[in-house]
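Peer 1: Model the following, please.
(chains A and B)
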Amino acid sequence: MSDLSIWVTIIALGIGTFLIRFSFLGLLGGRDLPDWLTRHLRYVPVAVLPGLVAPLVVWPAATGGEADLARSLAALTALAIGALTRSVLGAIFGGMAVLYTVQFFL
Amino acid sequence: MGGAYWQGFRAGVPFVLVVAPFGLLFGVVATEAGLDIVQTMAMTVLVIAGASQFAALQLLSDNAPTFVAILTGLAVNMRMAMYSASLTPHLGKASLGMRSLVAYFLVDQSYAISVVEYEKAPARVLPEKLAYFFGSVSPIAPLWYGFTYVGAVAGKAIPPEYALDFAVPITFISLVAPALRSLPHIAAAFVSVTMALFLAWLPYNSGLMVAAVLAMMAGAAIEKRLEAKA
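Peer 2: Alright, predicted model coming up:
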């Protein structure tokens, strides 16, 4: 790859990503959104993040796309701790602890 | 307002654990792929979206055409348009300059932390909401830059047994699990997971976008039905 293609990628990706982030916030601004839209927008976090994560858990890149017991158990642990205790930090620590423990014993 | 800033800051601190190794990893991978330190830092500061940076870098290293690397990186970031829309009811009345600043710092972590707080405490006024948002990103962004630099300079590969690749999914699961507090939320998450896996073969990450839209529709439809019953 050439220096030029690296710089073009950096600048185009930087500007494009900013415009994506600015889009609704910048252009709609203070206008009130219709009820049906805010009803849908309430579900953005639970609609995007689980789908973003699912392939990373089921087909982890680090194992060449093979499902892996340690990673699956770690993901389930984080989910369970997070859902039951509502503690984000507890879920992160619990999930990573299970990941390291299972990897150590296998 | 200072109170809201520090509350946001405290909510952001745990993510240092994830952002630091992820930044380190990007610095290492970018320099190994042939970027110099200026290019690595320019990318990290201008784009400030790890997953898309890895994706674009991977394609450039594979000698894909430049426009393919750019479009793939942008596709990976399309989810942030939904974050932007979702924050509009809360922050849309801020000044244009403030909204631009929020847009620049709108990363997965600051979005998830802030939107959860806004839903929990809808009575907060706009300056408090802004302070909370900037508080949440304050421990995250500088560390993202800083650890990318450390990774780029140190340049040594992190041993794979640390399984740092998995710090990212674990954080996102931990962020979203506490939000699974009602039937519509659980249904939306379920649709999101199954459809994202089912549509993973679609190019440019578009399967995730379709899955997310279907999941939002599922959540909204069930919410409406439950309301009609009540």
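Peer 1: Now chain B against chain A: closest residue?
Peer 2: Taking Cβ to the nearest Cβ as the measure, chain B has B:Ala177 as its residue closest to chain A, at 2.5 Å. No exception for glycine: its C-beta is placed from N, CA and C like everyone else's.
Peer 1: Surely that residue and A:Ser87 touch.
Peer 2: No. In this structure B:Ala177 lies outside contact range of A:Ser87 using Cβ atoms under 8 Å: 9.4 Å.
Peer 1: Find residues that contact each of these two.
Peer 2: A:Ile81 (Cβ atoms under 8 Å, 6 or more residues apart in numbering or on different chains).
Peer 1: Who has more neighbours out of these two?
Peer 2: B:Ala177 (26 against 16; other Cβ atoms under 10 Å in any protein chain shown).
Peer 1: ranges for the helices of chain A?
Peer 2: Here chain A has its helices, by DSSP state H, at A:3-28, A:35-41, A:44-58, A:69-85, A:88-105.
Peer 1: Nearest spatial neighbour of the residue nearest the centre of chain B, chain-adjacent residues omitted?
Peer 2: Nearest to the geometric centre of chain B sits B:Asp108, at 1.8 Å (Cα atoms, centre = their mean). By the measure of Cβ to Cβ, 6 or more residues apart in numbering or on different chains, the closest residue to B:Asp108 outside its immediate chain neighbours is B:Phe172, 6.8 Å from it.
Peer 1: Which helix or strand contains that neighbour?
Peer 2: If you go by DSSP states H and E, B:Phe172 is part of helix B:167-176.
Peer 1: Could you name the helices and strands sitting against that helix?
Peer 2: helix A:44-58, helix A:69-85, helix A:88-105, helix B:16-32, helix B:108-120 (3 or more Cβ pairs under 8 Å, 6 or more residues apart in numbering or on different chains; DSSP states H and E).
Peer 1: Is there any residue in the helix or strand just after it that contacts chain A?
Peer 2: With elements assigned by DSSP H and E, the helix or strand that comes after helix B:167-176 is helix B:183-198. Yes. Residues of helix B:183-198 are located near chain A by Cβ under 8 Å from any Cβ of the partner chain, namely B:184-186, B:188-189, B:191-193, B:195-197.
Peer 1: Could you point out the longest helix of chain B?
Peer 2: Max-length helix for chain B by DSSP H is helix B:206-229.
Peer 1: Okay, angle between it and helix A:44-58 too, please.
Peer 2: For helix B:206-229 against helix A:44-58, the angle by axes from the mean of the first three to the mean of the last three Cα atoms, to 10 degrees is 130 degrees.
Peer 1: Run a quick neighbour tally on residue 83.
Peer 2: Went with chain A since none was named. Neighbour tally, A:Ala83, other Cβ under 10 Å: 18.
Peer 1: right idea, wrong chain: chain B
Peer 2: That count, for B:Tyr83 with other Cβ under 10 Å as the rule, works out to 28.
Peer 1: got a pLDDT number for it?
Peer 2: pLDDT, B:Tyr83: 92.
Peer 1: Using the three-state scheme, assign it.
Peer 2: Put simply, B:Tyr83 is helix when judged by DSSP: H, G, I helix; E, B strand; the rest coil.
Peer 1: What mean pLDDT does the longest helix of chain B get?
Peer 2: For helix B:206-229, mean pLDDT is 91.
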